[in-house]
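# Using only what follows, build the 3D model:
(one chain, ligands or ions: 1)
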Amino acid sequence: MNQLQQELKRRRTFAIISHPDAGKTTLTEKLLVLGGAIRTAGAVKSRKAEKFATSDWMELEKKRGISVTSSVMQFEYDGYKINILDTPGHQDFSEDTYRTLMAVDSVVMIIDAAKGVEPQTIKLFKVCRDRGIPIFTFINKLDRQGKEPLELFEEIEDVLGIESYPVNYPIGMGQSFRGVYDRQEHKIEWYNDKRERQVQALGEVDELADILKDTVDDYTLSQLEENLMLLDEAGSSFDLEAVKAGKQTPVFFGSAISSFGVPTFLEHYLKLAPQPQPRQSSDGMIQPDDSNFSGFVFKIQANMNPAHRDRIAFLRICSGKFEKGMSVYLDRTGKQLKLAQPQQFFADSRELIDDAYPGDIVGLYDTGFYQIGDTVCAAKDTINFGALPQFSPEHFAKVRAKNAMKQKHFLKGVSQLAQEGAIQVYKTQYEETILGVVGTLQFDVFVYRMQAEYGVDLDIEHMTHQVAKWLAHQEDAEELRRNSNNLIVADYKDRPVIIFENDFSLRWFQQKHPKVELRDSSHNM
Ligand code: G4P
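Numbers count the residues shown, from 1 in each chain. Below you'll find the model as predicted:
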């Protein structure tokens, strides 16, 4: 095994998905504490608090109780290098989440034991399933009374349509939650009154009673024994191949807030989750241990550090070794670039790095070279990992700077935030700016950031339009501009787009102009 293969073997890159409030921040924080990346619990939250002080726009996030940003954190545990990619929980930012999910090899889905499978979990789950990403489930908040475990398995199978395999099973719930029983390794992990973790291997299931009789009441114990027996007899059996194909989800129970079940979860996860996987490209499958370096940009974020006003392109490495200062080709332009000052992200800092491997996320200073979905590779014969999906906007608004003197800043902000993928931007023939978004909260964040980061107050005029379609042929745009009163605009690459009031007006248009070819997005144009 060469060095590259050894590094691959110990890498795990994943995202945590959940409905807001299920405990994503809390679990992330506990994983970081386990990995020694932060010293005390509460650090991520206080890190959040610090950011509010320095980066004003995040206040919006706090006010609304949503997670708008997504970041990357790397830490080590038991010889593994782990990359967690954070995703915004709120549905209005699902496009951002979707792109991040393109950059992971597996996903951890958190379910609140009391609420079960929630709408946003379903949406995000579907994205993972369509990509065949392995999904691990952490059922959280067992310290509160929630739904019965068997009911939750049924819900996962019925609502999400994936087979579940409980790797462990909770001992009690709510006030009487004591820990978990590990079905695979046949041991119990419980917590004493001082919240100290204790692990004890068992010979037979029967011994459970002996060990737990002083810890849990008779009813909890008999329920536990009964349900474990039921699962052994009627439940699914563990199938690693099905897990890797995204067809079976290993399920874990715990309480993130008190760390119960978190170490067990992490240890199993690291053993079962896949290392960085091959990726489809224009030149066939690219194997991660291919010595030719390649990667793609899945996210761009401006003004991460308000003091420096810098813009970072997040690159997921797909193959080969990354070395500081290396030269790569950007497939879109064919131009060569030097990757100077690459950064890696830790829990509370970013640091310059010398090298990185597939699965890792590298932050590159971007002065406008990169676009979301760009592929870079060391070989002159470039490859392409394909465009990242762009969602069709469903809400539109005209925006302008309140103060005409701020026009230059306005244009700069609009263009930078559009390049980040935070919004889509269109121009009318009268040089008016129209924004398109998937969820209306994106407007609020946009207005906020324009003020905080570019010093521009906006007038925003919401439109009633709901649908955008790209015209496949430029000539059609000219013709339609002359002979119709449709709203024809240009996207940031000057490609013609028609914005319709609603589906009805779209169908009316198609009947009237059967020869005009419309596309859902700008893909492959
Ligand atoms: P999110 O990122 O998925 O949105 O969820 P987050 O971790 O912020 O957790 C949402 C709320 O649920 C928080 O409470 C958090 O403390 C609580 N929580 C997380 N894990 C557990 C758990 O295992 N058990 C219980 N009982 N609660 C849990 P909050 O009141 O909104 O915030 P805070 O004041 O506690 O920070």
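# Quickly list the domain ranges of this protein.
3-173+236-272, 279-377, 395-519 (automatic domain parsing).
# With respect to residue 188, which of these lies nearest?
Distance to residue 188, taken as C-beta to C-beta, is lowest for domain 3-173+236-272 among those, at 6.9 Å. Using the backbone N, CA and C atoms, a C-beta is placed for each residue, glycine as well.
# The closest one: end-to-end distance?
22 Å (C-alpha to C-alpha, to the nearest Å).
# close to the ligand, is that domain?
Yes: interface with the ligand: domain 3-173+236-272 contributes 18, 20-26, 45, 67, 89, 140-141, 143-144, 255-257 (C-beta under 6 Å from any ligand atom).
# filter those to the buried ones?
18, 20-26, 67, 89, 140-141, 143, 255-257 (16 or more other C-beta atoms under 10 Å).
# Who are the packing partners of the longest helix along the chain?
Taking DSSP state H as the criterion, the chain has its longest helix at helix 218-234. Here helix 218-234 touches helix 149-155, strand 168-171, helix 207-212, going by 3 or more C-beta pairs under 8 Å, 6 or more residues apart in numbering; DSSP states H and E.
# what comes up buried for the last one?
Across helix 207-212, burial judged by 16+ other C-beta under 10 Å covers 208, 212.
# Give me the mean pLDDT for that helix.
The average of the pLDDT scores along helix 207-212 is 80.
# mind listing which of the residues of domain 3-173+236-272 next to the ligand are in strands?
Mapping the residues of domain 3-173+236-272 next to the ligand onto strands (DSSP state E) picks out residue 140.
# Determine the number of other residues adjacent to the spatially closest residue to residue 7 that is not a sequence neighbour.
Excluding the flanking residues, the one nearest residue 7 by C-beta to C-beta, 6 or more residues apart in numbering is residue 357, at 4.2 Å. By the criterion of other C-beta atoms under 10 Å, residue 357 has 23 neighbours.
# May I have the beta-bridge partners of residue 356?
Applying DSSP bridges to residue 356 yields these beta-bridge partners: residue 322.
# Can we start the residue count at 434 from this point?
Noted, 434 is the first residue going forward, which turns the last one into residue 789.
# Isn't it up against residue 775?
Yes: between residue 789 and residue 775 there is a contact under C-beta atoms under 8 Å: 7.1 Å.
# Quickly list what's touching both of the two.
755, 795 (C-beta atoms under 8 Å, 6 or more residues apart in numbering).
# More neighbours: those two, which one.
residue 789 (25 against 22).
# Next, the contact list for that one, please.
If you count contacts by C-beta under 8 Å, 6+ apart, residue 789 has them with 750, 754, 755, 775, 777, 795.
# burial measure for residue 785, as a count.
When neighbours are counted by other C-beta under 10 Å, residue 785 registers 11.
# so how far is residue 893 from it?
Going from residue 785 to residue 893 by C-beta to C-beta, to the nearest Å gives 39 Å.
# now do residue 786
40 Å.
# Between the two, which is the more surrounded one?
residue 786 (18 against 15).
# so which strand or helix has the closest residue to residue 813 other than its chain neighbours?
Nearest residue to residue 813 in three dimensions, chain neighbours excluded: residue 762, at 6.0 Å (C-beta to C-beta, 6+ apart). Residue 762 is located in strand 760-763, with elements delineated by DSSP states H and E.
# Can you show me the CA trace of that strand as CSV?
Coordinates of each C-alpha in strand 760-763 appear next as CSV, following Å, rounded to 0.1, in the frame of the first residue of the first chain:
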residue,chain,number,x,y,z
SER,A,760,0.1,24.2,-10.6
VAL,A,761,-3.2,22.9,-11.9
TYR,A,762,-5.4,23.4,-14.9
LEU,A,763,-8.9,24.8,-14.6
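# Residue 532: what's it in contact with?
Residue 532 makes contact with 731, 732, 805, 821, 822, 854 under the criterion C-beta under 8 Å, 6+ apart.
# what's the neighbour count on residue 844?
If you count neighbours by other C-beta under 10 Å, residue 844 ends up with 14.
# Next: the one 3 residues further on.
Using other C-beta under 10 Å as the criterion, residue 847 is surrounded by 23 other residues.
# Low-confidence stretches in the stretch 584-733 of the chain?
637-639 (pLDDT under 70).
# how about the strands in it?
With DSSP state E, counting those that start in this stretch, the ranges of strands along the stretch 584-733 of the chain come out as 596-599, 601-604, 612-615, 620-624, 630-634, 681-686, 712-714, 717-719, 727-735.
# per-residue pLDDT, the residue nearest to residue 534 when sequence neighbours are not counted?
Leaving aside its chain neighbours, residue 534 sits nearest to residue 560 (5.5 Å; criterion: C-beta to C-beta, 6+ apart). The pLDDT attached to residue 560 in the predicted structure is 84.
# Could you do residue 499 as well?
For residue 499, the model assigns a pLDDT of 43.
# got it, and residue 457?
89.
# Tell me how far the residue nearest to residue 440 lies from residue 724.
Computed as C-beta to C-beta, the residue 790 to residue 724 distance reads 12 Å.
# For those two, list the residues in contact with both.
437, 754.
# just to revisit the earlier point, show me what the host helix or strand of the residue nearest to residue 534 is packed against.
In this assignment (DSSP H and E), residue 560 forms part of helix 552-564. Contacts defined by 3+ C-beta pairs under 8 Å, 6+ apart place helix 552-564 against strand 444-450, helix 527-534, strand 539-545, strand 568-573.
# so which pair among the buried ones among the residues of domain 436-606+669-705 next to the ligand is furthest apart in space?
500 and 576 (22.5 Å).
# Just give the closest residue to whichever residue of the stretch 784-933 of the chain sits closest to the ligand, not the sequence neighbours.
Nearest residue of the stretch 784-933 of the chain to the ligand, counting by C-beta to the nearest ligand atom: residue 874, 14.7 Å away. Using C-beta to C-beta, 6+ apart and skipping the chain neighbours, the partner closest in space to residue 874 is residue 525 (3.8 Å).
# In contact with the one you found, which residues?
The neighbours of residue 525, taking C-beta under 8 Å, 6+ apart as the test, are 870, 871, 872, 873, 874, 875.
# ok, now residue 509?
Counted by C-beta under 8 Å, 6+ apart, residue 509 has contacts 468, 469, 515.
# which SS class is the second one?
Per DSSP: H, G, I helix; E, B strand; the rest coil, the local secondary structure of residue 469 is coil.
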